[in-house]
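Trainee: coordinates only, sequence not included:
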């Protein structure tokens, strides 16, 4: 009986394995998206700092009013872009954590099913061993009860 339960659980385990593999795939994608968002944020910050350096070197020589207005406008746009990218990064990090939790749940479910099947198979082996031992004992008793005809 235990062996048949283990056999019936095979499709369930296959589905759990597929669900875990899908969770692993999504987790990898999520990690890649976080990396891309971090890279983009770093690039924006680097570009912002480079632009500020230009201001320092150019400002030391003197600047015109229109140049200063354009600089301030661009700097403001950069700050908005950096803030948006920071929010995007935070969203991707939160999403990655949810994907990690989903994978952990699917992994735990798969491990639980695998342990259940292993227990079922161990029980089936114990039952088979007991049946075999019982048959062997009965055979030995029958042999012991027979008269010896070897003569």
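Mentor: Perfect, I can see it now. Predicted model only: the values in this text are computed from it and were never measured. Numbers count the residues shown, from 1 in each chain.
Trainee: Residue 105 and residue 23, how far apart?
Mentor: Residue 105 is 8 Å from residue 23, where distance means Cβ to Cβ, to the nearest Å. For every residue, glycine as well, the C-beta is placed using N, CA and C.
Trainee: Comparing these two, which residue is more hemmed in?
Mentor: residue 23 (20 against 13; other Cβ atoms under 10 Å).
Trainee: So the more buried one is in contact with residue 100, correct?
Mentor: No - in this structure, residue 23 is not within contact of residue 100 by Cβ atoms under 8 Å, at 9.0 Å.
Trainee: So for the helix or strand harbouring residue 59, mean pLDDT?
Mentor: Taking DSSP states H and E as the criterion, residue 59 maps to helix 2-61. What helix 2-61 shows for mean pLDDT is 90.
Trainee: for stretch 100-109, same thing?
Mentor: The model assigns stretch 100-109 a mean pLDDT of 97.
Trainee: Going by neighbour count, which residues in that stretch are buried?
Mentor: Residues of stretch 100-109 classed as buried by neighbour count (16 or more other Cβ atoms under 10 Å): 102-103, 106.
Trainee: for stretch 107-123, same thing?
Mentor: 110, 113, 117, 120.
Trainee: what do you get for stretch 130-140?
Mentor: Judged by neighbour count using 16+ other Cβ under 10 Å, stretch 130-140 contains no buried positions.
Trainee: Likewise for stretch 59-71?
Mentor: In stretch 59-71, counting by 16+ other Cβ under 10 Å, buried: residue 71.
Trainee: which residues touch it?
Mentor: 51, 55, 58 (Cβ atoms under 8 Å, 6 or more residues apart in numbering).
Trainee: if you set the cut-off to 7 Å instead, what comes out?
Mentor: For stretch 59-71, the surrounding residues in contact (Cβ atoms under 7 Å, 6 or more residues apart in numbering) are residue 55.
Trainee: all numbers from here: first residue = 760
Mentor: Taking 760 as the first residue, the last one we looked at is stretch 818-830.
Trainee: Now do the end-to-end distance for it.
Mentor: Its first and final residues considered, stretch 818-830 spans 11 Å by Cα to Cα, to the nearest Å.
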